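[1] Following is a predicted model, sequence given first.
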Amino acid sequence: MPRNTKIILPIIVISQFFCTSLWFAGNGVINDIVTTFNLKDNALGHLTSAVQFGFIIGTLIFAILTIVDRFSPSKVFFTSAFFGALLNLGVLWDHNNITSLLSMRFFTGFFLAGIYPVGMKIAADYYKDNLGKSLGFLVGALVLGTAFPHLLKNVTGYYSWKYTILTTSILAFLGGLIMLLFVPNGPFRKPSQKTNLFAFFKVFHQKEFRSAAFGYFGHMWELYAFWAFVPVILKQYSLQQELSLNISLWSFIIIATGSIACIFSGYISKLIGIKRTAFIALFLSCLCCIISPLILGSNNEILFLSFLIFWAFVVIADSPLLSTLVAQNAPVKLKGTALTIVNCIGFSITIISIQYITSLTNILDSNKIYMVLAIGPVLGLISLRKRQKIVRK
């Protein structure tokens, strides 16, 4: 069992990458799922929201029962990965319909609540001084795991789409097993001995925590809606410009760019500060939302793709930093619960933005709809600005 914390972080990152590939496994093969099970075109928004909703309910239950703070995080991680992998395999059932598919994706999201925030909790238990950089690697693994199904779809393009689902399930199980076998409880873990039904409200008593959390909520309004609609944006542009873009490959490249951004922002934050780095990234992603109609309507393919890559870079760069601020300002014995609560609320917001953009695409055939995503970053910037003022006093 490794005792060197330098070895622990790569193990956590690999496990997180393997397991979070479950998140967008359905999105990577959405066109095949729609065709195979005769679904409507708006299935993308509904299936994505089902995962988010499952994640929300999962994080809510995990938070109320303070599961991560009462039980070994590695065991919680493995159990969640095991059941998440099984439910992901349920998509392969030949007699699926929209109801069963939504159920499978919902419960996959439910068990992702025991993977993503728990992985951050494990990192926080090991890395106190360099938490921002550590979470940068961890969120980078989430981004890469999110993008990975698109790459799998491209690589297995000549084979059945079912190989993508099967591969992500196998990876999730292996990721959970690696965490269980090689990552014991961290040296900074402060276990809670009992259920605290008021923990959900207690963590928001502190102003610093609230400000960081609200900044995170604004960030989440934009993030998953952007990720979910990257393939849609690429497909629409390809049709309008009469191009033959490789949608799966470019979706992977664009979304996966964010993994580099998370690591980069972690290092930059050590030079100019966590708050300032997060603020700059959120401002730039807000700017991308506002100018998106101009660039997405351009007939310059290089400009179009470069813009999406840049947007994907800045849209996630603040995520590990905001999570770091949340973890640093949470009550010590409720750190895991606090991270889970913030994830719960943040992902609730993603459902609203995803469904809102989905409804707008059914009404309007315009790139202007993505300007709506600027609402979250604007509110997040206001919250972070307030936090900076509080710190100066």
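    Yes, it's here. Because the structure is predicted, anything quoted here is derived from the model rather than measured.
[2] May I have stretch 254-272 exported as CSV, CA atoms only?
    What follows is stretch 254-272, C-alpha atoms only, in CSV (Å, rounded to 0.1, in the frame of the first residue of the first chain):
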residue,chain,number,x,y,z
ILE,A,254,-12.6,20.5,-27.5
ILE,A,255,-13.9,19.1,-24.2
ALA,A,256,-10.6,17.4,-23.3
THR,A,257,-8.8,20.7,-23.6
GLY,A,258,-10.3,21.6,-20.3
SER,A,259,-8.1,18.9,-18.5
ILE,A,260,-5.0,21.0,-19.5
ALA,A,261,-6.8,24.1,-18.2
CYS,A,262,-7.4,22.6,-14.8
ILE,A,263,-3.8,21.7,-14.3
PHE,A,264,-2.6,25.1,-15.7
SER,A,265,-4.9,27.1,-13.5
GLY,A,266,-3.7,25.2,-10.5
TYR,A,267,-0.1,26.2,-11.1
ILE,A,268,-1.1,29.8,-12.0
SER,A,269,-3.0,30.2,-8.8
LYS,A,270,0.2,29.6,-6.9
LEU,A,271,1.6,32.7,-8.5
ILE,A,272,-1.3,35.2,-8.5
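[3] Return the set of buried residues in that stretch.
    Residues of stretch 254-272 classed as buried: 254-266, 268-269 (neighbour count, 16 or more other CB atoms under 10 Å). C-beta coordinates here come from the backbone N, C-alpha and C atoms, glycine included.
[4] Just checking, which of those residues comes out lowest on pLDDT?
    Minimum pLDDT for the buried residues of stretch 254-272 is recorded at Gly266 (85).
[5] which ones are touching it?
    Gly266 is in contact with 132-137, 320-321, counting by CB atoms under 8 Å, 6 or more residues apart in numbering.
[6] Quick check: next helix or strand after the worst-scoring helix or strand of the chain on mean pLDDT?
    Lowest mean confidence among the helices and strands of the chain (mean pLDDT, DSSP states H and E): helix 199-202, at a mean of 62. Counting by DSSP states H and E, the next helix or strand C-terminal to helix 199-202 is helix 207-240.
[7] Next, count neighbours for Phe18.
    The burial count assigned to Phe18 is 26, neighbours taken as other CB atoms under 10 Å.
[8] Out of the buried residues of stretch 254-272, name the ones that lie in helices.
    Within those, residues falling in helices by DSSP state H are 254-266, 268-269.
[9] just curious, which of those residues is nearest to Ala225?
    Nearest to Ala225, judged by CB to CB, of these is Ile255 at 12.8 Å.
[10] And the closest one, how far from Ile272?
    Per CB to CB, to the nearest Å, Ile255 is found 26 Å from Ile272.
[11] pLDDT on the helix or strand hosting Pro117, on average?
    Following DSSP H and E, the helix or strand that holds Pro117 is helix 116-126. Helix 116-126 carries an average pLDDT of 83.
[12] Show me what that helix is packed up against.
    Judged by 3 or more CB pairs under 8 Å, 6 or more residues apart in numbering; DSSP states H and E, helix 116-126 is in contact with helix 5-20, helix 43-64, helix 67-70, helix 73-89, helix 131-155, helix 319-328, helix 335-363.
[13] swap the cut-off to 10 Å and go again
    In terms of contacts (3 or more CB pairs under 10 Å, 6 or more residues apart in numbering; DSSP states H and E), helix 116-126 is packed against helix 5-20, helix 43-64, helix 67-70, helix 73-89, helix 131-155, helix 162-182, helix 319-328, helix 335-363.
[14] Pull the contacting residues for Gly109.
    Contacts for Gly109 (CB atoms under 10 Å, 6 or more residues apart in numbering) come out as 22-23, 48-59, 84, 87, 347.
[15] ditto for Ser383
    Counting by CB under 10 Å, 6+ apart, Ser383 has contacts 210-219, 282, 322.
[16] how close does it sit to Lys162?
    Distance from Ser383 to Lys162, by CB to CB: 44 Å.
[17] got the buried residues for stretch 159-171?
    Buried residues in stretch 159-171, counted by 16+ other CB under 10 Å: 161, 164-169, 171.
[18] Next: stretch 272-282.
    Using 16+ other CB under 10 Å as the test for burial, stretch 272-282 gives 274-275, 277-282.
[19] so can I have CSV of these showing secondary structure, distance to His205 and pLDDT?
    Output for these, formatted as CSV (DSSP: H, G, I helix; E, B strand; the rest coil; distance: CB to CB, whole Å; pLDDT from 0 to 100):
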residue, secondary structure, distance to His205, pLDDT
Ile274, helix, 22, 91
Lys275, helix, 21, 91
Thr277, helix, 27, 95
Ala278, helix, 22, 95
Phe279, helix, 24, 95
Ile280, helix, 29, 96
Ala281, helix, 28, 97
Leu282, helix, 25, 97
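[20] ok, those vs Ile12, which is closest?
    Within these, the smallest distance to Ile12 is 20.1 Å, found for Ile274 (CB to CB).
[21] wait, isn't that closest one in contact with Gln328?
    Yes. With contact defined as CB atoms under 10 Å, Ile274 counts as touching Gln328 (8.3 Å).
[22] quick one: low-confidence ranges for this structure?
    Low-confidence segments of the chain (pLDDT under 70): 1-5, 128-129, 131, 156-158, 190-203, 332-333, 335-336, 386-393.
[23] so who does Glu222 touch?
    Residues in contact with Glu222 (CB under 10 Å, 6+ apart) are 282, 285-286, 288-289, 311, 315-316, 349-350, 353, 370, 372-377, 380.
[24] quick one: secondary structure of the residue nearest to it when sequence neighbours are not counted?
    Leaving out its chain neighbours, the residue that sits closest to Glu222 by CB to CB, 6 or more residues apart in numbering is Leu373, at 4.4 Å. Secondary structure assignment for Leu373 (DSSP: H, G, I helix; E, B strand; the rest coil): helix.
[25] and the gap between Leu373 and Ser292?
    8 Å.
[26] Overlap of the contact sets of these two?
    In contact with both Leu373 and Ser292: 226, 311, using CB under 10 Å, 6+ apart.
[27] related to what we said a few turns ago, for the residue nearest to Glu222, the count of nearby residues, please.
    Neighbours of Leu373 (other CB under 10 Å): 25.
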